[in-house]
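Colleague: next input, structure requested:
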Amino acid sequence: MIMMFFQSLFGLGLLATAAFLFLSLILASEVGYRLGRRIATVKSTSGEDVAVTSTLTAGMIALLAFTLGLSISYAQSRFEARRDLVQVEANVIGTAWLRTALIDNADGHAIAADIEDYARVRLAFTVAASEAGVPALLAQTQSLQTDIWRHTEKIVQNAPNPITATLVNALNEMFDASSAQQFAYESRVPADILMMLYFGTLLAIGALGYQLGLVGKRQVVLIALLLIMWSGGMSLIVDLNQPRLGRIRVDATPLILVVQSFHTPGGPATGWSPRGAP
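Modeller: Numbering: from 1, shown residues only. All right, here's what the predicted structure looks like:
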């Protein structure tokens with residue numbers, strides 16, 4: 001139920017998510033402050049009580065900062081994996097397309113045409129703005145892979161030689177790259193870590209407000225700055241964790257270049273040299 005609420009919230013955009021996080025932290029701080037003031041009026045608090053509370057609060061915030069940093073690191077590593085795999089996939093598609101030129105028959109030409117369509121489908125998968133169209137794109141990817149492999153089997157059966165072997169290897173790498181990219185898009189920060197981070201933040205900020213309530217000092221400016229920074233860090237995790245909804249998205253330029261260069265002199269070598277290109 002809670003995860004469904006947060007998924008709906010993330011769908012509204014980064015600003016809505018950041019605003020919700022900031023307001024909920026403000027509420028936690030205010031509740032903690034009022035509780036601290038109530039405790040301070042009911043019984044007298046000594047300097048030792050305040051020192052103990054301060055120590056415990058500092059420990060909570062330090063642990064929370066570690067969790068925040070760990071979550072950002074995890075989300076960033078997933079983003080970098082998606083970004084790097086775009087370059088890898090563009091390279092292996094370009095290499096496979098170039099090697100089809102070594103097969104001068106109908107099946108070789110059919111594979112080259114399928115690879116061109118394949119590159120366009122993979123580009124559409126990379127830049128898709130929502131998950132709605134992804135299943136159809138994956139189905140197209142699978143269909144083109146099946147068709148490419150059917151033509152490749154004919155080529156290998158008719159002419160099993162080192163040239164066809166290099167084409168088979170290039171196609172295998174191309175298929176493997178699509179599977180790796182699909183996994184990278186589906187691999188995200190575990191929901192349990194995000195929930196622990198959010199509720200842990202509420203508790204830690206509430207404890208900080210409680211400490212300030214004991215001493216009767218709000219520190220409005222500093223608390224506001226702290227909560228803005230903390231909300232920003234959590235929003236960054238959310239943004240990186242939503243590869244199709246967030247503002248920080250993978251740059252699809254390598255795939256765009258390889259699609260644009262299919263019918264230009266030199267083929268997919270435009271802008272860079274595909275790995276292992278003959």
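Colleague: alpha carbons only for contacts and neighbour counts from here, please
Modeller: OK.
Colleague: would you mind listing where the stretch 51-200 of the chain has pLDDT under the threshold?
Modeller: Within the stretch 51-200 of the chain, no stretch falls below the threshold (pLDDT under 70).
Colleague: where do the helices of it begin and end?
Modeller: Under the criterion DSSP state H, counting those that start in this stretch, helices of the stretch 51-200 of the chain are mapped to 106-127, 134-158, 162-186, 191-215.
Colleague: out of the ones you listed, nearest to Arg82?
Modeller: Among the helices of the stretch 51-200 of the chain, the nearest to Arg82 by CA to CA is helix 162-186 (5.6 Å).
Colleague: which residues does that closest one contact?
Modeller: Residues from elsewhere that reach helix 162-186 (CA atoms under 8 Å, 6 or more residues apart in numbering): 78, 81-82, 85-86, 88-89, 92-93, 95-96, 99-100, 102-103, 122, 145, 152, 155-156, 243.
Colleague: likewise for stretch 207-220?
Modeller: Applying CA under 8 Å, 6+ apart, the external contacts of stretch 207-220 come out as 28-37, 39-40, 45, 50, 53-54, 57.
Colleague: count of neighbours near Pro190?
Modeller: Using other CA atoms under 10 Å, Pro190 has 12 other residues around it.
Colleague: and what of Thr146?
Modeller: A count of neighbours around Thr146, defined by other CA under 10 Å, yields 12.
Colleague: before we move on, what about the one 10 residues further on?
Modeller: Val156 sits with 16 neighbouring residues when counted by other CA under 10 Å.
Colleague: cool, and Arg218?
Modeller: When neighbours are defined as other CA under 10 Å, Arg218 has 16 of them.
Colleague: in three-state terms, how would it be classified?
Modeller: For Arg218, the secondary structure call by DSSP: H, G, I helix; E, B strand; the rest coil comes out as coil.
Colleague: can you report phi and psi for it?
Modeller: Main-chain dihedrals, Arg218, degrees, to the nearest 10: phi -80, psi -40.
Colleague: quick one: it from Tyr74, how far?
Modeller: Here Arg218 is placed at a distance of 34 Å from Tyr74 (CA to CA, to the nearest Å).
Colleague: with Gln145 instead?
Modeller: With distances taken as CA to CA, Gln145 is found 32 Å from Tyr74.
Colleague: and what of Ala139?
Modeller: Going from Ala139 to Tyr74 by CA to CA gives 29 Å.
Colleague: neighbour count winner among the two?
Modeller: Just comparing Ala139 and Tyr74: by other CA under 10 Å the higher neighbour count belongs to Tyr74, 17 against 12.
Colleague: skip the chain neighbours and tell me the closest residue to that one.
Modeller: Distances taken as CA to CA, 6 or more residues apart in numbering put Val189 closest to Tyr74, at 6.4 Å, once the chain neighbours are dropped.
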